[in-house]
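In: build the 3D model from these lines:
(one chain, ligands or ions: 1)
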Amino acid sequence: MPEGRERTPSEPGSTLSDATRETTRENRRTWDTWSDSYQRKHGGMLGGSQAEAWGLWRRPEHELRVLDPVAGKDVLELGCGAAHWSASLAGRGARVVGLDISGAQLRHACHRERVALVLADAQALPFADGSFDLVLSDNGAMSWADPYLTVPEVARVLRPGGQLAFCANSPFFAMCWDSRQRTLTPGLRRGYFDLHTSRVAPTAVDYVLGYGEWLRLFRSCALVVEALIEEPPPPGAATSFGDRPQEWTSRWPVEAIWSARRM
Ligand SMILES: C[S@@+](CC[C@H](N)C(=O)[O-])C[C@H]1O[C@@H](n2cnc3c(N)ncnc32)[C@H](O)[C@@H]1O
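Out: As a prediction, the model looks like this:
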């Protein structure tokens with residue numbers, strides 16, 4: 001790991017509210033519980049030749065070209081899970097840190113070469129200001145942690161000119177997700193103006209903001225949006241995430257890829 005990364009002196013997480021701490025604990029326990037079955041079910045699709053690909057339909061990075069060149073850059077993957085992205089970027093010459101809050105998830109990453117793994121909360125990053133050139137998250141902690149905490153932390157640890165790139169659920173997903181049936185419905189089930197947290201499973205909460213609110217938050221943290229990519233899955237594309245029916249995803253964006261630059 002490059003020098004000067006350690007954050008001093010505050011204890012990570014010490015500034016979180018009690019409610020955020022409780023939700024974060026709940027999500028960590030849930031990911032610890034889900035980890036082995038998640039890796040069994042989705043690991044094949046997330047790794048190998050699809051390691052550098054975005055979202056549930058694994059849109060290849062070499063087609064979308066979201067990322068700056070990574071060779072020689074300091075990269076942080078937020079919510080890295082088994083660290084497929086991290087390992088692939090390290091193979092292209094980046095110095096990579098994979099961070100996750102779940103020890104069980106990181107155990108699936110511990111055989112990776114050239115990736116420094118950190119067990120920590122994305123809402124209180126244990127790194128010095130200006131440590132990274134790129135922060136990325138592919139349905140990782142930018143989805144599973146509170147953006148009002150993660151976005152300021154990302155802006156703090158990015159160097160000027162650095163890039164934040166992430167794929168997360170869209171507001172349409174959050175408004176149309178039926179958490180009891182665990183599927184997407186064609187009708188709106190909740191309002192746009194009360195997005196933020198969504199209970200996506202009985203023991204798990206994820207986070208989505210409306211478009212204007214994402215833009216306001218980025219701007220308040222000196223991040224300028226360069227791209228917002230919303231595309232339907234390619235015709236006939238397969239995913240191991242079967243609870244996103246094609247009749248729905250061909251009509252509305254289920255996820256979005258954002259790229260923003262630190263001023
Ligand atoms: C859907 S998985 C994605 C992981 C990886 N991108 C993949 O596709 O395998 C979400 C990850 O975010 C992690 N996560 C959840 N909350 C987090 C937090 N507050 N800080 C860091 N990681 C978190 C979970 O432990 C989990 O590994």
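In: and the lengthiest helix in the chain, what does it pack onto?
Out: Longest helix in the chain by number of residues, with DSSP state H as the criterion: helix 18-46. If contacts are counted by 3 or more C-beta pairs under 8 Å, 6 or more residues apart in numbering; DSSP states H and E, helix 18-46 sits against helix 103-107, strand 204-207. Every residue, glycine included, has its C-beta placed from N, CA and C.
In: quick one: the strands in the stretch 151-263 of the chain, in order.
Out: Using DSSP state E, counting those that start in this stretch, the strands of the stretch 151-263 of the chain run over residues 158-169, 177-178, 183-184, 197-201, 204-207, 223-229, 255-262.
In: return the residues of the protein in contact with the ligand.
Out: Residues of the chain found near the ligand, taking C-beta under 6 Å from any ligand atom as the criterion, are 24, 27, 31, 46, 79-82, 99-102, 105, 121-123, 138-141, 144-145.
In: and the next helix or strand along the chain from the longest helix of the chain, which strands flank it?
Out: Per DSSP states H and E, helix 18-46 leads on to strand 53-54 as the next helix or strand towards the C-terminus. Strand 53-54 sits in its sheet next to strand 59-60 (antiparallel), going by DSSP bridges.
In: show me which parts of whatever helix or strand comes next after the strand it pairs with are buried, residue by residue.
Out: On the C-terminal side of strand 59-60, the closest following helix or strand by DSSP H and E is helix 61-64. Buried residues in helix 61-64, counted by 16 or more other C-beta atoms under 10 Å: 61, 64.
In: after helix 61-64, which helix or strand is next? Please name it.
Out: For helix 61-64, the following helix or strand on the C-terminal side (DSSP H and E) is strand 74-78.
In: name the residues that touch that next one?
Out: Contact with strand 74-78 is made by 2, 83, 85-86, 89, 94-99, 122, 125, 127, 131-137, 140-142, 145, 150, 154, 157, 166, as judged by C-beta atoms under 8 Å, 6 or more residues apart in numbering.
In: name only those of these that count as buried.
Out: So, by 16+ other C-beta under 10 Å, the buried ones in those are 83, 85-86, 89, 94-99, 122, 125, 127, 131-137, 140-142, 145, 150, 154, 157, 166.
In: from these, which ones fall inside strands?
Out: Secondary structure from DSSP state E places 95-99, 132-137, 166 of the buried ones among the contacts of strand 74-78 in strands.
In: the closest residue to Gln50 other than its chain neighbours: neighbour count?
Out: Excluding its sequence neighbours, the residue lying closest to Gln50 (C-beta to C-beta, 6 or more residues apart in numbering) is Arg58, at 4.4 Å. For Arg58, the count of nearby residues is 21 (other C-beta atoms under 10 Å).
In: check Arg189 too.
Out: Arg189 - counted by other C-beta under 10 Å - has 12 other residues nearby.
In: gap between it and Thr183?
Out: Going from Arg189 to Thr183 by C-beta to C-beta, to the nearest Å gives 11 Å.
In: identify the contacts common to those two.
Out: Common contact partners of Arg189 and Thr183 (C-beta under 8 Å, 6+ apart): Trp177.
In: quick one on the thing from earlier: state the pLDDT value of the residue nearest to Gln50.
Out: We have a pLDDT of 95 for Arg58.
In: mind listing what it touches?
Out: For Arg58, the contacting residues are 45-46, 50, 239, by C-beta under 8 Å, 6+ apart.
In: can I get the residues you listed in JSON lines including distance to His111, neighbour count and pLDDT?
Out: As requested, the contacts of Arg58 are arranged in JSON lines below (distance: C-beta to C-beta, whole Å; neighbours: other C-beta atoms under 10 Å; pLDDT from 0 to 100):
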{"residue": "Met45", "distance to His111": "19", "neighbour count": "17", "pLDDT": "93"}
{"residue": "Leu46", "distance to His111": "15", "neighbour count": "19", "pLDDT": "96"}
{"residue": "Gln50", "distance to His111": "18", "neighbour count": "17", "pLDDT": "94"}
{"residue": "Thr239", "distance to His111": "25", "neighbour count": "16", "pLDDT": "90"}
